[in-house]
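Novice: mind folding the following:
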Amino acid sequence: MPVFGDDARAKAIASGLVEATGFDVLDAGDLAGLWRRQPGTPAYCTELTRNALLVALTSRIRTVQRTTATKQ
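Specialist: Residues are numbered from 1 along each chain as shown. You can find the predicted model right below:
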């Protein structure tokens, strides 16, 4: 699970909580990079491996085109 933050102590606490619940932590950087985990980005609402998540978070893609099925 990516953890973003500008405060190192707060990020360490959040990382500890994530690890305590059984998830792997990925230090995703500061809050300025939080857009990388928002709707329309490759890392949003995905179940990626740690390495794939790192690639998705370092991508400069801000919008991903998603297709939706339509009822007929």
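
Novice: and the contacts of stretch 54-62?
Specialist: Where contact means CB atoms under 8 Å, 6 or more residues apart in numbering, the residues beyond stretch 54-62 that reach it are 2, 26, 28, 33, 35-37, 40-43, 46, 48. Glycine gets a C-beta too; all of them are placed from N, C-alpha and C.

Novice: pull the distance from the one helix or strand in the chain whose mean pLDDT sits lowest to the chain's centre.
Specialist: The helix or strand with the lowest mean pLDDT-type score in the chain, counting by mean pLDDT, DSSP states H and E, is helix 50-58 (a mean of 88). Here the centre of helix 50-58 is set off from its chain's centre by 8 Å, with CA atoms, centre = their mean, to the nearest Å.

Novice: now that helix: buried residues?
Specialist: Taking 16 or more other CB atoms under 10 Å as the basis for neighbour counts, the residues of helix 50-58 that come out buried are L53, A56, L57.
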